[in-house]
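Trainee: Starting from these lines, generate the structure:
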Amino acid sequence: MRLGRIGRMTAAMVFALAAAVGLTSCGSGTVGYLYTLGELTSGGTFGQISGFKIDDQSGNLTNMVNSPYASGGTNPANAVFTLAGRYLFVLNKGTGGTTGSVAEFLVGGDGVLTYQTSYTSQGLTPVWIGLDASSQYLYVLDQVNPLGTTNGAGKVLGDVTVFNINTSTGRLTLVLNQQLQNTNGTQYTYFPVGPAPIMMKTIGSYLYTLDSADESVNVQLENNGQLQATANSNYYVTAAGTNLTSLSSDPGGKFVFLTDGGNNQLLQYTIGTAGALAAISTGNTSLPVLTSNPVWAMVSQNQKFLYVVSKGNGSNPNAAQSQITAYTISASTGQLQLIPDSPYPAGSGATCMVEDPSQQYVYVTNHNDSTVTGYYINANTGQLSSLSRSTVFPISGQASCLAVSGFTS
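Mentor: Predicted coordinates:
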């Protein structure tokens, strides 16, 4: 059918508009939602959540309606979704005289967040939250337990507060410790872990906490919301590490990776009986010379690649910029092989990294310049390349971490 003059003009206008906004004949949609957390700034901005829609064809980030959202507290540290992605929980560490808390948000249409309520952990100085393997329980990691209990070396132990998650409403209910009682016979409201913990990770049936007071890893068995000491729970002191900064694993739970800022290296382990960590036979991996201060490690969802985020060192002009170092992972031994064109640049003061649900893109939060850096990920080689439109996206506040969800509506 031949178009008339008006029809041809209309078609041309539609084509031009489509080209201007980057559409293709297949259309463009949202593949996931990305939320970045912004901490208190010198200008007086309190906790902020910048919400973005991830474009499925370009990886471009588009601001959500009403973004940024108040985080429900001060200095948000990290966030997790329930399994279905309908609720987002944000840990606000607090600052000065303010108390830390966990804020619950409903994820609505187009990813818009609606604040629901907040909860307080049992200990002091909350620093991290996470989910158990079933996503039925929410864990809050505190650096100081309520009673100030110490270990054999006189160091104050941290604790984990456990909440049961109502799958219909997202509401949290405190879970009591069935193994320990106070002197008056009441159950403990928390579960002790190692001294001054900074991060935790659920791997299989075990919960691991990274403890900064003695550069160690503590392991607890998960069992229906209860954390139980194992036969090997007296801490795995990593003598090779002098400033452990993060703990991660592959999605299959076969390998564990620790970043060591003191020696600019990765410590690598396999998981054995009762959650015990065993160093892999190929030894630790030194990061490239021009990188410094590794703070995060992420294994791709296909379990083939490892990405290490290094914050950099402002006092060393040769290693001042943040970097992303990429490796291939041997499925049998866990040995790492540097991907040739890495490391890749990030923004200033990089902190955290995630992969989008479609496994096409990765994003890194940058604390110092309040941005997110995005890259396209080559599923075959693990190499990173710039996004087609823009690679850097501004956020509200100084970035602490980020969370991503494949739930879209």
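
Trainee: ok, now how distant is residue 130 from residue 201?
Mentor: 7 Å (C-beta to C-beta, to the nearest Å). In short, each C-beta sits where N, CA and C put it, glycine included.

Trainee: residues bridging contact with those two, i.e. touching both?
Mentor: Residues within reach of residue 130 and of residue 201 at once, by C-beta atoms under 8 Å, 6 or more residues apart in numbering, are residue 207.

Trainee: tell me the SS of residue 217?
Mentor: strand (DSSP: H, G, I helix; E, B strand; the rest coil).

Trainee: beta partners for it?
Mentor: On the basis of DSSP bridges, residue 217 is bridged to residue 210, residue 236.

Trainee: Tell me, how many residues neighbour it?
Mentor: The local packing of residue 217 (other C-beta atoms under 10 Å) involves 25 other residues.

Trainee: Make sure it is actually in contact with residue 206.
Mentor: No: contact criterion C-beta atoms under 8 Å: residue 217 and residue 206 do not qualify, at 10.5 Å.

Trainee: For residue 215, what are phi and psi?
Mentor: phi 50, psi 60 (degrees, to the nearest 10).

Trainee: again, but for residue 110
Mentor: phi 60, psi 20.

Trainee: What of residue 111?
Mentor: Dihedral angles for residue 111 - degrees, to the nearest 10 - are phi 80, psi 0.

Trainee: Spit out the contact partners of the spatially closest residue to it that is not a sequence neighbour.
Mentor: Among residues not flanking residue 111 along the chain, residue 33 sits closest, at 3.9 Å (C-beta to C-beta, 6 or more residues apart in numbering). Residues counted as contacts of residue 33 (C-beta under 8 Å, 6+ apart) are 51-54, 64, 107, 111, 404-405, 407-408.

Trainee: Apply 7 Å and report the result again.
Mentor: 51, 53, 111, 404-405, 408 (C-beta atoms under 7 Å, 6 or more residues apart in numbering).

Trainee: Mark which of these are part of strands, please.
Mentor: Under the assignment DSSP state E, the contacts of residue 33 contribute 51, 53, 404-405 to strands.

Trainee: Between the contacts of residue 33, which has the least confident prediction?
Mentor: Scanning the contacts of residue 33 for pLDDT, the low point is residue 408. It has 80.

Trainee: and the closest residue to it other than its chain neighbours, bridged to which residues?
Mentor: Distance criterion C-beta to C-beta, 6+ apart; nearest residue to residue 408, sequence neighbours excluded, is residue 30 at 5.2 Å. Counting by DSSP bridges, residue 30 forms beta bridges with residue 55.

Trainee: Going forward, the N-terminal residue is numbered 52.
Mentor: Done: numbering now begins at 52, and the last item shifts to residue 81.

Trainee: What separation do you get for residue 81 and residue 456?
Mentor: Distance from residue 81 to residue 456, by C-beta to C-beta: 11 Å.

Trainee: More neighbours: these two, which one.
Mentor: residue 456 (22 against 15).

Trainee: ok, now which ones touch that one?
Mentor: 83-84, 132, 136.

Trainee: most neighbours, which of those residues?
Mentor: Scoring these on neighbours with other C-beta under 10 Å, the highest-scoring entry is residue 84 at 27 neighbours.

Trainee: Now it: which helix or strand?
Mentor: Here residue 84, judged by DSSP states H and E, is contained in strand 81-90.

Trainee: distance of residue 133 from residue 189?
Mentor: Distance from residue 133 to residue 189, by C-beta to C-beta: 9 Å.

Trainee: Comparing the two, which shows the higher neighbour count?
Mentor: residue 189 (26 against 21).

Trainee: The more buried one bridge partners, please.
Mentor: Bridge pairing for residue 189 - DSSP bridges - gives residue 182, residue 214.

Trainee: got any ranges where the chain has weak pLDDT?
Mentor: Where the chain drops to pLDDT under 70, the residues are 52-79, 92-96, 147-149, 282-292, 365-371.

Trainee: Which residue ranges of the stretch 352-460 of the chain form strands?
Mentor: Assigned by DSSP state E, counting those that start in this stretch, the strands in the stretch 352-460 of the chain fall at 356-361, 374-380, 387-389, 395-396, 401-406, 412-417, 422-428, 435-437, 443-445, 449-456.

Trainee: got the angle for the second one vs strand 401-406?
Mentor: On the basis of axes from the mean of the first three to the mean of the last three C-alpha atoms, to 10 degrees, strand 374-380 is oriented at 40 degrees to strand 401-406.

Trainee: picking that back up, and which of the contacts of residue 84 is nearest residue 391?
Mentor: residue 455 (27.4 Å; C-beta to C-beta).

Trainee: And for the closest one, the neighbour number?
Mentor: There are 22 residues near residue 455, going by other C-beta under 10 Å.

Trainee: How many neighbouring residues does the closest residue to it other than its chain neighbours have?
Mentor: The shortest distance from residue 455 to any non-neighbouring residue, by C-beta to C-beta, 6+ apart, is to residue 405 (4.6 Å). Neighbour count of residue 405, defined by other C-beta under 10 Å: 21.

Trainee: Relative to residue 215, how far out is residue 405?
Mentor: Where residue 215 is concerned, residue 405 sits at a distance of 26 Å (C-beta to C-beta).

Trainee: And residue 91, by the same measure?
Mentor: Distance, residue 91 to residue 215, by C-beta to C-beta: 31 Å.

Trainee: between those two, who's got more neighbours?
Mentor: residue 91 (21 against 15).

Trainee: thought the more buried one was touching residue 145?
Mentor: No: contact criterion C-beta atoms under 7 Å: residue 91 and residue 145 do not qualify, at 9.8 Å.

Trainee: Between the two, which contacts overlap?
Mentor: Shared contacts of residue 91 and residue 145, counting by C-beta under 7 Å, 6+ apart, come down to 125-126.

Trainee: Quick check: the gap between residue 127 and residue 88.
Mentor: For residue 127, the distance to residue 88 - C-beta to C-beta - is 4 Å.

Trainee: what sits in contact with each of these two?
Mentor: With C-beta under 7 Å, 6+ apart as the test, residue 127 and residue 88 both reach 100, 141, 451.
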